[in-house]
Structure formats: C-alpha cells, structure tokens
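**Student:** pasting the sequence and the predicted coordinates here, then a few questions.
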Amino acid sequence: MYNLFLDDIRFPKEAFLQKELAYLTEYSKIPENEWVIVRNYDDFVKTIEENGIPNAVSFDCDLNSEHFRHYVKDSINSGIYEWENFKYKCGIHCASYLKALLCDGDDIKVFIHSANIIGSMIIREMMKSYLF
C-alpha cells in the first residue's frame, strides 16, 4: 500500500490541515518518506492506475495559478468556486476521480491540506465518508 500526496508545490511535512489545526505528518502519523508526491491531475490519475487505491490521500485544491487566481479574485468574496470551468484540473477533479473508483467499505484515509477554504469544503463534502 502507498499514501498519495497531491500538491503543486508543498511537501507532506509542510502541509497544514486547517480543520484539524495540525500538520499532516504529525496528525496522520505517516512519515514524509511514506508519501508518493504528485503535482497535478494527470500524475494523480496515473499513480492510481499503476498502483491502485492508496491507503491515504491528502488533497490540495489549487494546483495551477489559474485556480489560485480564481480563488483570490472571485471566490473569496462570492463564496463560489467554479472548478468545472477551469482549463487545468484542480484537486476537486482529483477527488471526483478517486470518489468514482471507491466502493462503500473501502478503507482509505482522506486528509485535506488546501488553504482554499471553499475548495476544501467541496472536497470535504465529496469525500466525507472517508475523512480521517
């Protein structure tokens, strides 16, 4: 089994879980060297296709400057995160892909370390059955 860390720039030891008020590696008890790091949707999908469902996954939402710009410029004030319209796929797309593969009773731990509050809420709702 493996653990999957999705983030465009950070590493697992730098990922902060906003809701839990703790760093990922401390909260999850999974050391940094036990995470497979992927930086975008394509690598996320490829890793799962090659290795199967991970034991744990930690999500970032904004994987491209397009996502961050939209969040800062539009979403913070409107409360709306229009992820369906992005040119590049974000963490919500990754969560949606993984969710489609999961069955009831699958034993996977899900963490969300994104600083994007709205995107985090969307991922949290989508993956609520698997949150650790």
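**Tutor:** Received it, and whenever you're ready, just let me know what you need. Numbers count the residues shown, from 1 in each chain.
**Student:** next, the most centrally placed residue in the chain: phi, psi?
**Tutor:** Nearest residue to the geometric centre of the chain (CA atoms, centre = their mean): F59, 1.4 Å. Per-residue torsions, F59: phi -100, psi 130 (degrees, to the nearest 10).
**Student:** renumber starting at 43 from here on
**Tutor:** That works, and once the first residue is 43, the last one we named lands at F101.
**Student:** for it, give me the pLDDT.
**Tutor:** Here the pLDDT value assigned to F101 is 98.
**Student:** can you pull out the helices in the protein?
**Tutor:** 66-70, 83-93, 107-112, 118-120, 133-143, 159-168 (DSSP state H).
**Student:** quick one: buried residues of the third one?
**Tutor:** Pointing back at helix 107-112 there. Residues of helix 107-112 classed as buried: H109, F110, H112 (neighbour count, 16 or more other CB atoms under 10 Å). Using the backbone N, CA and C atoms, a C-beta is placed for each residue, glycine as well.
**Student:** what of the fifth one?
**Tutor:** For helix 133-143, the buried set under the neighbour-count rule, 16+ other CB under 10 Å, comprises G133, I134, H135, C136, A137, S138, L140.
**Student:** show me what it is packed up against.
**Tutor:** helix 83-93, strand 98-101, helix 159-168 (3 or more CB pairs under 8 Å, 6 or more residues apart in numbering; DSSP states H and E).
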